[in-house]
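Q: Below is the structure, and that's it, no one-letter string:
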């Protein structure tokens, strides 16, 4: 097992893994702190007997609260929880054809204050590999780490695992700030997988969308066929009992998460309660049929870079002039990958207008529906923005207000840096025009246009102006809601087979017809048609003619998934 250079200068942990893992995690699959020998054996047996193993769910992975050390300092399963010992449990799991994963942390104590592996990496890795014969290590980031930099702590265990000679999937859990494995692109250098967001929760706005876009915005760190982003595990519908966390998801929301996680080629780790695994097919057939859908699993396991890296474009309906039924809000959000289209702006056809790339929508500062709010409307009806000192707006602070007196500017709610809907207020000039940097209210109105990326960057926070929530609500939403992106999205990308994946995604509160413009997918040759398969319904549809959009009705918080070609 070696660290080798990849094409383009990227690195990846080359230990033989070519696909993201599938399995069951004890973190949400049993009440917190309760996992023991009986539960672990039952989970492994449930995967094997319930049909999930046959669909690829091969790992049973322990989490915190299970380990201590004996009198000699050797790591072990807590005897009261593991009377047979972890080597015997591992032997049983492997006898079923299931693989065994354990948990530790890059600190002296785990997050639950149990035994962890910092400064004992070599000896613990030897126990994991040779005595417990594990196949997977989930390695967390906890506070008891003695101030050692995250990268150094994770690298030490990576080398220790390599030295054992056993093939062990290595998943690191540092996910925020300086701990993030995507800081400096070091996750792929030393691990097979790295967390990209906070612990997930069955809450649509707070966690599912948030974790979705945290992973989506760092998609470039994935190494094809070698190392993957991890937005955390799959959440079952609330109708399946035993969930450790509330409020729970609807079936549509759980289905959307499964499809989108597969589209991003992330791990498919079930958060189902352990005693539901064996009988899921009979007790909850709709969810069982979803998570065992071989065509969706094939998207996740496909060796191409990704079916989808980022949301491709706003839906076709929102690209057509005059199609927006109500103004689209404009927000400031953390700047994402260069391919993130909802943060790219170009000069509009009319002098002074500012257009969202790939759409027919322009910034507007005089909205009668939401007075004082900066919104996007069809460019034909948008007002031009007045720009100080320089008619080349891409080199000057971005000012708005047209003929307003006194001059008005885009304003970011005091420049706090929080993701918020932008407003239009009187310019805070401090006697200068354009405003100078210096106080918070002034920098909250200073925006610089980066013509290389198309980003419009707020001086106060460094965040990007983002084409925001479709059908702007009367009251500002919570900062995390929809992550500033449109409610209707089209995700698209290629498979290694030459086919194309296309996802229609509706984050809105109501069912909606969503169209994918023909520019978003490869067109058939002249006179030919494009085969279309509805993956969720498992049926072929009428083929598309060249130049035709693909349109479908999508449920609230739902998806439709198609395979083209």
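A: Thanks, I have it. These numbers were taken from a predicted model, which means no experiment stands behind them.

Q: which residues of the stretch 201-350 of the chain fall in helices?
A: Along the stretch 201-350 of the chain, the stretches classed as helices by DSSP state H, counting those that start in this stretch are 210-216, 251-263, 280-283, 285-291, 294-301.

Q: and the longest one, average pLDDT?
A: Translated: helix 251-263. Along helix 251-263, the predicted confidence averages to a pLDDT of 96.

Q: What helices and strands are in contact with it?
A: Packed against helix 251-263, as judged by 3 or more C-beta pairs under 8 Å, 6 or more residues apart in numbering; DSSP states H and E, are the following elements: strand 268-270, helix 285-291, helix 294-301, strand 488-494, strand 500-506, strand 558-564. C-beta here means a position set from N, CA and C on the backbone, and glycine is covered the same way.

Q: Adding mean neighbour count as columns, could you present those in a markdown table?
A: Converted to a markdown table, the helices and strands packed on helix 251-263 look like this (neighbours: other C-beta atoms under 10 Å):
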| stretch | mean neighbour count |
| --- | --- |
| strand 268-270 | 25 |
| helix 285-291 | 17 |
| helix 294-301 | 19 |
| strand 488-494 | 24 |
| strand 500-506 | 25 |
| strand 558-564 | 23 |
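
Q: Would you mind measuring the gap between the ends of stretch 277-290?
A: Across stretch 277-290, the straight-line distance between its terminal residues is 14 Å, by C-alpha to C-alpha, to the nearest Å.

Q: related to what we said a few turns ago, can you list the helices and strands packed on helix 251-263 in CSV and add mean pLDDT and distance to residue 143?
A: Shown next, in CSV, are the helices and strands packed on helix 251-263 (pLDDT from 0 to 100; distance: least, C-beta to C-beta, whole Å):
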stretch, mean pLDDT, distance to residue 143
strand 268-270, 97, 24
helix 285-291, 98, 34
helix 294-301, 96, 33
strand 488-494, 85, 37
strand 500-506, 92, 36
strand 558-564, 97, 37
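
Q: possible to save the ones you listed as CSV with distance to residue 522?
A: Written out in CSV, the entries for those read as follows (distance: least, C-beta to C-beta, whole Å):
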stretch, distance to residue 522
strand 268-270, 27
helix 285-291, 27
helix 294-301, 16
strand 488-494, 8
strand 500-506, 6
strand 558-564, 7
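
Q: Which one of the ones you listed lies nearest to residue 529?
A: strand 558-564 (10.8 Å; C-beta to C-beta).

Q: Name the strands paired with the closest one and say parallel or antiparallel.
A: Sheet pairing here is set by DSSP bridges, and for strand 558-564 it gives strand 500-506 (antiparallel), strand 529-534 (antiparallel).

Q: Off-centre distance for it?
A: Mean-position distance between strand 558-564 and its chain equals 18 Å (C-alpha atoms, centre = their mean, to the nearest Å).

Q: same question, stretch 188-203
A: On C-alpha atoms, centre = their mean, the centre of stretch 188-203 falls 9 Å from the chain's centre.

Q: For it, buried residues please.
A: 188-197, 200-203 (16 or more other C-beta atoms under 10 Å).

Q: Closest to residue 233 out of those residues?
A: Nearest to residue 233 among the buried residues of stretch 188-203 is residue 200, at 6.2 Å by C-beta to C-beta.

Q: That closest one: what's it in contact with?
A: Contacts were defined as C-beta atoms under 8 Å, 6 or more residues apart in numbering; by that measure residue 200 touches 207, 208, 211, 231, 232, 233, 235, 271.

Q: what's the closest of the helices of the stretch 201-350 of the chain to residue 358?
A: With C-beta to C-beta as the measure, helix 210-216 is the member of those nearest residue 358 (16.9 Å).

Q: Distance from the closest one to the middle of the chain?
A: Worked out by C-alpha atoms, centre = their mean, helix 210-216 lies 3 Å from the chain centre.

Q: what pLDDT, on average, does that helix get?
A: Mean pLDDT, computed over helix 210-216, is 82.

Q: packing partners for it?
A: Under the contact criterion of 3+ C-beta pairs under 8 Å, 6+ apart, helix 210-216 touches no helix or strand at all.

Q: let's go with 10 Å and repeat that
A: Packed against helix 210-216 by the contact rule (3 or more C-beta pairs under 10 Å, 6 or more residues apart in numbering; DSSP states H and E) you find strand 193-195, strand 228-230, helix 251-263.

Q: Kind regards, and thank you for your time.
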